[in-house]
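*Asks:* Predicted model and sequence follow; I will ask about them next.
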Amino acid sequence: MEELHQLKDLDALLDAVLLEARRLTAAEAGSIYLVQSGMLNFSYLHNDRLFSSARHKHIYTSQTLPLDNRSIAGYVACTGEPLLIDDVYEIHPSMPYTFNHSFDEASGYRTKSLLVLPLKTSRDKIVGVMQIINALDRKGETIPFTARDQMVVGYFANNAAAAVERAQLTREVILRMIRMCELRDPEETGAHANRVGAYAAEIYHQWALNRSVPDAEINKTRDLIRIAAMLHDLGKIAIPDLILKKPGRLERDEFAIIKYHTIYGARLFENRSSELDVMSAEIALNHHERWDGRGYPGKIGNIFAESVHFGPGKQGEEIPLAARIVALADVFDALVSKRVYKESLLVEEALALIQEQAGKQFDPEVVAAFFAIREVIAAIRGKYQEAAATPPGHIGP
């Protein structure tokens with residue numbers, strides 16, 4: 001449990017909670033719904049039979065359920081009591097809830113045994129519902145969950161609920177910071193920050209798999225980069241409104257001023273008391289550096305000096321990995337998003353530009369990781385849309 005309380009990002013935490021609950025019960029699948037705005041929001045999914053890796057597009061599926069007794073998850077959320085179901089296709093008609101067959105029908109999967117538990121804090125607040133699916137015996141055959149499974153996972157779920165509530169608060173604080181920035185910069189929206197953060201976490205995960213990075217290091221860094229990436233443009237809050245809100249392209253002198261948002265952003269993390277502060281500062285300062293050394297702000301002796309002058313651009317691995325990843329994530333999102341001074345590009349056009357810039361603007365290994373998870377990128381884009389966004393398009397093979 002202590003490891004869970006060390007995780008800061010909500011998605012990383014849900015992944016860890018689901019993985020541990022499945023380990024405790026030898027279950028092949030599971031999902032988590034979170035209570036948000038009076039609804040149950042589908043928030044995380046594992047399925048070892050369908051997906052060879054937890055990093056798949058269905059993690060970012062958008063689905064909501066009413067907070068009522070008609071669904072299994074809704075019933076558990078409303079009553080606060082766990083459910084043990086041996087076969088979801090044989091639920092007695094007298095029960096108020098029914099099983100939704102749509103995922104099974106679309107995927108060819110067969111859900112059978114189900115253990116559903118409320119994520120309930122010590123104050124009896126329901127923050128979500130966890131569904132553990134299909135317990136397996138030693139031969140890999142589906143078996144019912146037991147009363148002991150319910151007791152063990154129930155104890156774990158109650159402890160995990162506090163960590164989930166804390167991670168939700170962290171995410172909300174970050175989004176409030178983004179909304180504060182949005183008051184100054186119309187481009188810096190919560191949806192943009194969520195997309196860049198999610199892109200960065202998934203690109204890093206694939207990059208790390210390609211490099212055979214140990215799982216513990218992957219989980220730790222993915223947790224940090226998701227949050228730090230969301231804060232990449234906070235320094236724009238120090239840029240004058242006449243520049244940030246200009247309805248057109250910037251003049252050369254105006255662009256020279258806006259470049260300083262990298263300095264201002266890094267300065268926000270002056271008291272670097274945690275690894276998250278360090279990474280947030282690195283990303284804020286370096287996410288406009290280029291692999292070929294033609295980016296900004298370049299090599300600077302002291303970003304806290306009264307007068308800061310940009311130096312020669314950092315290049316290659318002089319640029320911190322997290323910043324190299326966010327550079328690509330941020331540019332991709334900008335290319336496919338409409339701005340006051342430009343229309344959005346088609347996804348295929350944006351992909352072609354990014355591929356062409358491998359080894360120039362972007363780290364080639366980061367580009368390779370990005371292209372390896374195109375379906376996940378498309379799913380992220382579909383989940384975190386602007387209020388009046390254009391359709392996300394297809395980023396398949």
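*Replies:* Cool, the structure landed.

*Asks:* Which strands or helices does the strand or helix carrying residue 200 pack on?
*Replies:* Using DSSP states H and E, residue 200 falls within helix 190-210. With contacts taken as 3 or more C-beta pairs under 8 Å, 6 or more residues apart in numbering; DSSP states H and E, helix 190-210 sits against helix 10-25, helix 147-182, helix 215-230, helix 321-335, helix 364-372, helix 374-383. C-beta: built from backbone N, CA, C; applies to glycine.

*Asks:* quick one: that helix to helix 215-230, angle?
*Replies:* Relative orientation of helix 190-210 versus helix 215-230 (axes from the mean of the first three to the mean of the last three C-alpha atoms, to 10 degrees): 150 degrees.

*Asks:* Leaving out sequence neighbours, find the closest residue to residue 65.
*Replies:* Excluding the flanking residues, the one nearest residue 65 by C-beta to C-beta, 6 or more residues apart in numbering is residue 40, at 4.2 Å.

*Asks:* does that neighbour sit in a helix, a strand or a coil?
*Replies:* strand (DSSP: H, G, I helix; E, B strand; the rest coil).

*Asks:* I figured it hits residue 131, correct?
*Replies:* No - under the criterion of C-beta atoms under 8 Å, residue 40 lies out of contact with residue 131, with a separation of 10.9 Å.

*Asks:* and for the two, which residues touch both?
*Replies:* Taking C-beta atoms under 8 Å, 6 or more residues apart in numbering as the contact rule, the neighbours common to residue 40 and residue 131 are 33, 73.

*Asks:* Now the most centrally placed residue in the chain: closest residue in space, sequence neighbours ignored.
*Replies:* Centroid-nearest residue in the chain, with C-alpha atoms, centre = their mean: residue 198, separated by 3.5 Å. Nearest non-adjacent residue to residue 198, counting by C-beta to C-beta, 6+ apart: residue 380, 4.5 Å away.

*Asks:* Any stretches of this structure with poor pLDDT?
*Replies:* Judged by pLDDT under 70, the chain has its weakly predicted residues at 1-5, 52-61, 186-188, 340-342, 387-397.

*Asks:* Name the SS class of the spatially most distant residue from the centre of it, please.
*Replies:* Summary for the chain: using C-alpha atoms, centre = their mean, the residue whose C-alpha lies farthest from the chain's mean C-alpha position is residue 94, with a distance of 39.5 Å. What three-state DSSP gives for residue 94 is coil.

*Asks:* And it, how far from residue 144?
*Replies:* When distance is defined by C-beta to C-beta, to the nearest Å, residue 94 is 20 Å away from residue 144.

*Asks:* before we move on, what about residue 263?
*Replies:* In this structure, residue 263 lies at 60 Å from residue 144, with C-beta to C-beta as the measure.

*Asks:* With neighbour numbers in mind, choose between those two.
*Replies:* Neighbour tally, residue 263 and residue 144, criterion other C-beta atoms under 10 Å: the higher count belongs to residue 263, 20 against 15.

*Asks:* now the strands for the stretch 1-150 of the chain?
*Replies:* In order along the chain, the stretch 1-150 of the chain carries the following strands (DSSP state E, counting those that start in this stretch): 27-36, 39-47, 64-66, 83-85, 114-120, 126-136, 142-143.

*Asks:* Can you list the strands that the last one pairs with?
*Replies:* Strand 142-143 has these partner strands in its sheet, going by DSSP bridges: strand 126-136 (antiparallel).

*Asks:* Just the buried residues of the partner strand, please?
*Replies:* Neighbour-count burial for strand 126-136, with 16 or more other C-beta atoms under 10 Å as criterion, is recorded at 126-136.

*Asks:* next one: stretch 354-372
*Replies:* By neighbour count with 16+ other C-beta under 10 Å, stretch 354-372 contains the buried residues 354, 357-358, 361-363, 365-367, 369-372.

*Asks:* what's the answer for stretch 306-325, then?
*Replies:* Within stretch 306-325, the residues scored as buried using 16+ other C-beta under 10 Å are 308, 310, 313-315, 319-325.

*Asks:* Show the end-to-end separation of that stretch, please.
*Replies:* The first and last residues of stretch 306-325 sit 30 Å apart, counting by C-alpha to C-alpha, to the nearest Å.

*Asks:* Could you do stretch 336-356 as well?
*Replies:* Stretch 336-356 stretches 16 Å from its first residue to its last (C-alpha to C-alpha).

*Asks:* Stretch 285-305 too?
*Replies:* Between the opening and closing residues of stretch 285-305 we find a distance of 15 Å, counting by C-alpha to C-alpha.

*Asks:* show me the contacts for the residue nearest to the centre of the chain.
*Replies:* Residues touching residue 198, when contacts are defined by C-beta under 8 Å, 6+ apart, comprise 11, 60, 226, 380, 383-384.

*Asks:* I'd like the residues you listed as JSON lines, with distance to residue 276 appended.
*Replies:* As requested, these are exported to JSON lines (distance: C-beta to C-beta, whole Å):
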{"residue": "11", "distance to residue 276": "15"}
{"residue": "60", "distance to residue 276": "23"}
{"residue": "226", "distance to residue 276": "10"}
{"residue": "380", "distance to residue 276": "21"}
{"residue": "383", "distance to residue 276": "23"}
{"residue": "384", "distance to residue 276": "21"}
